[in-house]
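>>> Have a look; sequence and predicted model below, questions after that.
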Amino acid sequence: VVSIYDAGNNRRTATTSSFGVYTFENVPFATGYILSVASKRYRFASRTIDVTGNAANIDFVGLE
C-alpha cells in the first residue's frame, strides 16, 4: 500500500498492482507531500515530493 500525506496529515492510499504500479488521482498542487510504502516483506524509506503537475515514475526501492 502506498500512502500520500498532505501538510494537514490527511492520508490517501493506493494499492499497488503485482508489478508495483500505483496511481493517485486528483491530488491538489502543493509542496511537501510525503509518500510512504507499507509492505509485509520489505522496508522502504519515505519520500517528500512537490506536486506541480502530473508526476510519473516515482519509484521506491526496498532497503536492506
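Received, thanks. Residues are numbered from 1 along each chain as shown.
>>> Tell me where the protein has strands.
2-5, 11-14, 30-37, 47-51 (DSSP state E).
>>> For the last one, give me every contacting residue.
This points to strand 47-51. If you take C-beta atoms under 8 Å, 6 or more residues apart in numbering as the criterion, strand 47-51 is touched by 27-36, 55, 58, 60. All C-beta atoms are positioned from the backbone trio N, CA, C, and that covers glycine.
>>> Adding pLDDT and neighbour count, write the residues you listed out as CSV.
Putting the contacts of strand 47-51 into CSV (pLDDT from 0 to 100; neighbours: other C-beta atoms under 10 Å) gives the following:
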residue, pLDDT, neighbour count
27, 91, 14
28, 92, 7
29, 92, 8
30, 92, 12
31, 91, 10
32, 93, 11
33, 96, 19
34, 96, 15
35, 96, 19
36, 96, 16
55, 82, 13
58, 90, 12
60, 91, 18
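>>> Can you give the distance of stretch 5-13 from its chain's centre?
10 Å (C-alpha atoms, centre = their mean, to the nearest Å).
>>> and the end-to-end length of that stretch?
9 Å (C-alpha to C-alpha, to the nearest Å).
>>> which outside residues touch that stretch?
With C-beta under 8 Å, 6+ apart, stretch 5-13 has contacts from 1, 2, 3, 4, 24, 27, 28, 30, 32, 33, 34, 36.
>>> Tell me where the protein is predicted with low confidence.
Within the chain, not a single segment meets pLDDT under 70.
>>> which residue packs closest to residue 1, ignoring adjacent ones?
Distance criterion C-beta to C-beta, 6 or more residues apart in numbering; nearest residue to residue 1, sequence neighbours excluded, is residue 38 at 4.8 Å.
>>> Now do the one you found against residue 48, distance only.
Counting by C-beta to C-beta, to the nearest Å, the gap from residue 38 to residue 48 is 17 Å.
>>> do the same with residue 23
19 Å.
>>> Need the contacts of stretch 5-13 in CSV (columns: distance to residue 18).
Shown next, in CSV, are the contacts of stretch 5-13 (distance: C-beta to C-beta, whole Å):
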residue, distance to residue 18
1, 14
2, 14
3, 19
4, 21
24, 19
27, 24
28, 30
30, 31
32, 31
33, 25
34, 25
36, 20
